[in-house]
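**Student:** quick one, structure for this:
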Amino acid sequence: MTTVVEWTDVAPLALEGRPRRIVPLVLGFEPISEAISMRGGSSFRHLLEPVTAAAVEFDSGWVLLDGGFDPARVRDPALRAASFGYENYLPVVPPGDPLVDQIAEAGLEWDDLAAAAITHAHFDHTGAARLLRSSQPLLVQRREWEHVCTTPSERDAFLFRDDFAHPDLTIAVLDGDVELAAGLRAIDTAGHTPGHQSFVVEWGERVLVLAGDAADLRVNIERRVPTGSTSGADGEHLADRAIQRLADLDGRPGTEVWPSHDPDWQPWREIVDGR
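**Tutor:** A predicted model of the protein is given here:
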């Protein structure tokens, strides 16, 4: 049975030093209406958006941020039909296991993984939970975990509780902004989901912010326009606040906010193009 603990029960993480490398990961693709990715966007225009994640390597140890799909759910015909029966939705996973394969290509060892964290619990972000051991906690905002446990409809919430249901998984819950390690911070960007979080990585002279779905596209940040998909009665208000926060961070010297699903964003484009 999944174990749920407080963040303070797993801190400090098994990391040494500070971030020295960020490994962008593209773990799949999904057709998404522009209206979902940007408030006021076209519901007719669809983008083939990458499903992304990142590994942050420290002097010793590393952390995984987001985890894509569980490939088995996408590839099994019966499970796929039961899981993804949404109008116009078709998840795509490249050959092999994109997460395992790209981590190996980066020269990282799973035994050295200190923790994983997810921006939120939508099913295109939770596929890595299957790979974690009890000593490798999954870091989730408390409000997001409560949402996972209490939402009456997994389908309407775009999540699979099964992704979290294995005996070796430890969920560590966070509250708001939290310093996860030297040079790595989780920040509250709720709105897209009740407990959405983004990640700030201080990498040498640069600061990178992995926005998650608080900013699917670069245009969200540049125009300060939030995602078109929100959750809860206060979701739109919180999404407005989140995009303002991310845009303010992006305006700081040396800081860059990475949108999670932009097919033209260079770090993701380079993986797709094989550069």
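**Student:** going along the chain, name the strands of the stretch 51-200 of the chain.
**Tutor:** 62-65, 113-117, 138-141, 170-174, 178-181, 184-188, 197-203 (DSSP state E, counting those that start in this stretch).
**Student:** quick one: average confidence on the first one?
**Tutor:** Looking back up the chat, that one is strand 62-65. The average pLDDT within strand 62-65 is 99.
**Student:** name the residues of it that are buried.
**Tutor:** Neighbour-count burial for strand 62-65, counted by 16 or more other C-beta atoms under 10 Å, picks out 62, 63, 64, 65. Any C-beta I mention is one placed from the backbone N, CA and C, and that applies to glycine too.
**Student:** with the longest one instead?
**Tutor:** Within strand 197-203, the residues scored as buried using 16+ other C-beta under 10 Å are 197, 198, 199, 200, 201, 202, 203.
**Student:** list the contacts of the residue lying closest to the fourth one once chain neighbours are set aside.
**Tutor:** With C-beta to C-beta, 6 or more residues apart in numbering as the measure, residue 185 is the residue that lies nearest to residue 200, at 4.4 Å, once sequence neighbours are left out. Contacts for residue 185 were tallied using C-beta atoms under 8 Å, 6 or more residues apart in numbering; they are 177, 178, 179, 199, 200.
**Student:** so residue 185 bridges to which residues?
**Tutor:** residue 179, residue 200 (DSSP bridges).
**Student:** just the pLDDT at it, thanks.
**Tutor:** For residue 185, the model assigns a pLDDT of 98.
**Student:** where's it relative to residue 149, distance?
**Tutor:** According to C-beta to C-beta, to the nearest Å, residue 185 and residue 149 sit 25 Å apart.
**Student:** again, but for residue 123
**Tutor:** From residue 123 to residue 149 the distance is 16 Å (C-beta to C-beta).
**Student:** which parts of this protein are helices?
**Tutor:** According to DSSP state H, the chain carries its helices in the segments 7-10, 34-37, 71-75, 77-83, 98-105, 142-150, 154-157, 218-223, 235-250, 266-273.
**Student:** would you turn those into CSV with distance to residue 20?
**Tutor:** Output for the helices of the chain, formatted as CSV (distance: least, C-beta to C-beta, whole Å):
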stretch, distance to residue 20
helix 7-10, 22
helix 34-37, 32
helix 71-75, 29
helix 77-83, 37
helix 98-105, 16
helix 142-150, 29
helix 154-157, 37
helix 218-223, 26
helix 235-250, 22
helix 266-273, 17
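**Student:** contacting residues around residue 121?
**Tutor:** Residue 121 touches 140, 144, 145, 147, 148, 157, 159, 193, counting by C-beta under 8 Å, 6+ apart.
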